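Asker: My questions are about this predicted structure, shown below with the sequence.
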Amino acid sequence: MTPTAVQHEAVAARAPGRRETLAMLSLIMALMAMAIDLMLSAFDDIRSQFGLVATSNEVAGVVTWFFMGFAVAQFFYGPITDRFGRKPVLGVSIAIYVVGGVLSALAPTLGLLFAARFLWGIGAAGARVVATAVVRDLFEGVEMAQAMSQIMAVFIMVPVIAPAFGAGIIALLPWQAVFWACSIWAVGMWLWSKRLPETLPVERRRRLDRSDIADSYSTFLRTRPTLWYSIASVFMQSVFTMYLASSELIVSEIFGRRSWFPFVFGITATGFGVASLVNGRVVGKYGVRKVLDVMLLVLIGAAALLFIVAIAGHGQPSFWLFMPTLAFMLSVFMFIMPNMNSEAMQPVPHIAGTVSALSGALRMLGGSVIGGVVATRIDTSVTPFAIAALVFAVLAHVSARVARPAVPPVTI
């Protein structure tokens, strides 16, 4: 046996199994969720620290600037990860993530905090691009959708526990400690990721030159399902950005249940996890496209109900009507986003890293800008949230319909 063959066997023996791989990828993706959800309970302290009034949602910039950094960086991570492989890019991105967390903890002004969060988002983007590309390297079709659902089910545990964990940290330490905690978590994930083998063989790597990158971008724009499912995801992300940026304000100020926030957020996130597990089963039985079609209609129905509840309550409806309806609507996302991502990636396996990056960049940049603008309009009423959610649900459905290739007419 040759030395090379022996080395390959040794690597294979040390490689993690399917369960460990999916768990690892879930928690690598969860670096983004940690950077957001852990610090939501700190919003009130951040307002106090930087002299903002209690109902100010200017602090939403902590979320939206992170998302913008996350979005912009993906344009670069895609070609880089298709050129140099998954693991080197993962290591660099985690290093940037750690620096962003440290600078956020040390920021003396709100403007510098936003700048540090932008850098932090750049680091988180690489981890997300690499994790998605690795999934596409290892799986395809229904199996890929099922893998993404399993990943999301583990990933969603972070939003379940993070706000309560963050509140616990803040109860004992200054609010900046939640940023330090994220950096420590990232170092731990980097150490664990050393067990992950490189999933992009050298012979499949693409050149990092202008013509090659232009060809990849052109393929993205010319591939109808990839482009239009990505556009649909912009509207989905807009709703999610609104929720993340305004949930603390809605629960604490509009509904007057400040101490409930970590638990309300966690219960809502539990619905995400349950929906992800169910989605993994139903796509295997009914297919990705069928589930996607049905759940986009269910989303519109849920958003319409949320709108009715908000209007009937004159912008301040019953907590027990609005929040369960909102939680149900958001849980429907878990039947849509993994399947939409799978459908977008399916036609372009040869540029999985670039497509993952472009699709993610479009989704995050558009969603953070659109959702962030709406979030700043939410102060004493949930009506702007409900109106925007319904509009975005309809636009996502329309975009998903456009994504389908036209069926040629039948000739007799």
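Answerer: Right, received. Where do you want to start? Residues are numbered from 1 along each chain as shown.

Asker: quick one: Ser318 from Arg19, how far?
Answerer: According to CB to CB, to the nearest Å, Ser318 and Arg19 sit 42 Å apart. Heads up, the C-betas are built off the backbone N, CA and C, glycines and all.

Asker: which residues are in contact with stretch 374-385?
Answerer: Contact with stretch 374-385 is made by 55-58, 60, 63-64, 238, 241-243, 245-246, 249-250, 253-254, 310-311, 314-317, 322, 388, as judged by CB atoms under 8 Å, 6 or more residues apart in numbering.

Asker: What residues sit buried inside that stretch?
Answerer: 374-376, 378, 381-385 (16 or more other CB atoms under 10 Å).

Asker: I'd like to know which of those has the lowest per-residue confidence.
Answerer: On pLDDT alone, Thr376 ranks lowest of the buried residues of stretch 374-385, at 81.

Asker: Phi first, then psi, for that residue.
Answerer: Backbone torsions of Thr376, given as degrees, to the nearest 10, read phi -70, psi -10.

Asker: Going through the contacts of stretch 374-385, which ones are buried?
Answerer: The neighbour count (16+ other CB under 10 Å) marks 56-57, 60, 63-64, 238, 241-243, 245-246, 249-250, 253-254, 310, 317, 322, 388 as buried among these.

Asker: List the contacts of the closest residue to Gly266 other than its chain neighbours.
Answerer: Of all residues not flanking Gly266 in the chain, Val160 sits nearest, at 4.7 Å (CB to CB, 6 or more residues apart in numbering). Residues in contact with Val160 (CB under 8 Å, 6+ apart) are 266, 269-270, 273.

Asker: what's the closest of those to Ala124?
Answerer: Relative to Ala124, the closest of the contacts of Val160 is Ala269; by CB to CB it sits at 18.1 Å.

Asker: pull the longest helix from this protein.
Answerer: helix 110-138 (DSSP state H).

Asker: how far does that one sit from the chain's center?
Answerer: Chain-centre distance of helix 110-138: 10 Å, with CA atoms, centre = their mean, to the nearest Å.

Asker: Same question for stretch 211-222.
Answerer: When C-alpha coordinates are averaged (CA atoms, centre = their mean), stretch 211-222 and its chain have centres 24 Å apart.

Asker: Put the alpha carbons of it into CSV.
Answerer: C-alpha atoms of stretch 211-222 as CSV (Å, rounded to 0.1, in the frame of the first residue of the first chain):
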residue,chain,number,x,y,z
SER,A,211,-13.3,35.7,-16.1
ASP,A,212,-14.0,32.6,-13.9
ILE,A,213,-15.8,34.7,-11.2
ALA,A,214,-17.8,36.5,-13.9
ASP,A,215,-18.8,33.2,-15.4
SER,A,216,-20.0,32.0,-12.0
TYR,A,217,-22.0,35.2,-11.4
SER,A,218,-23.4,35.0,-14.8
THR,A,219,-24.5,31.4,-14.3
PHE,A,220,-26.2,32.5,-11.0
LEU,A,221,-28.2,35.2,-12.8
ARG,A,222,-29.1,33.1,-15.8
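
Asker: Contacts made by that stretch with the rest, please.
Answerer: Stretch 211-222 is contacted by residues 78-79, 82, 206, 226-227, 348, 351, 354-355, 358-359 when judged by CB under 8 Å, 6+ apart.

Asker: try 7 Å this time
Answerer: 79, 206, 226-227, 348, 351, 354-355, 358 (CB atoms under 7 Å, 6 or more residues apart in numbering).

Asker: Likewise for stretch 229-244?
Answerer: By CB under 7 Å, 6+ apart, the list of residues contacting stretch 229-244 from outside reads 36, 63-64, 67, 330, 333, 336-337, 340, 343-344, 359, 362-364, 366-368, 370-372, 374-375, 385, 388-389, 392, 395-396, 399-400, 403.

Asker: one more time with 6 Å
Answerer: 36, 63, 340, 343-344, 359, 362-363, 366-368, 370-371, 374-375, 385, 389, 392, 395-396, 399-400, 403 (CB atoms under 6 Å, 6 or more residues apart in numbering).

Asker: what ranges of the stretch 51-200 of the chain fall below the confidence cut-off?
Answerer: 140-141, 145, 149, 153-156 (pLDDT under 70).

Asker: can you map out the helices along it?
Answerer: Remark: helices assigned in the stretch 51-200 of the chain by DSSP state H, counting those that start in this stretch are 61-84, 86-106, 110-138, 141-155, 157-172, 177-193.

Asker: Tally up the residues packed near Phe319, please.
Answerer: Phe319 has 17 neighbouring residues, counting by other CB atoms under 10 Å.

Asker: Okay, the residue nearest to it when sequence neighbours are not counted and Gly371: tell me how far apart.
Answerer: In space, Phe319 comes closest to Phe255 once its chain neighbours are excluded; the distance is 4.6 Å by CB to CB, 6+ apart. Distance of Phe255 to Gly371, computed by CB to CB: 20 Å.

Asker: Just give the number of residues close to Ile231.
Answerer: Neighbours of Ile231 (other CB under 10 Å): 20.

Asker: Need the three-state assignment for Arg377.
Answerer: coil (DSSP: H, G, I helix; E, B strand; the rest coil).
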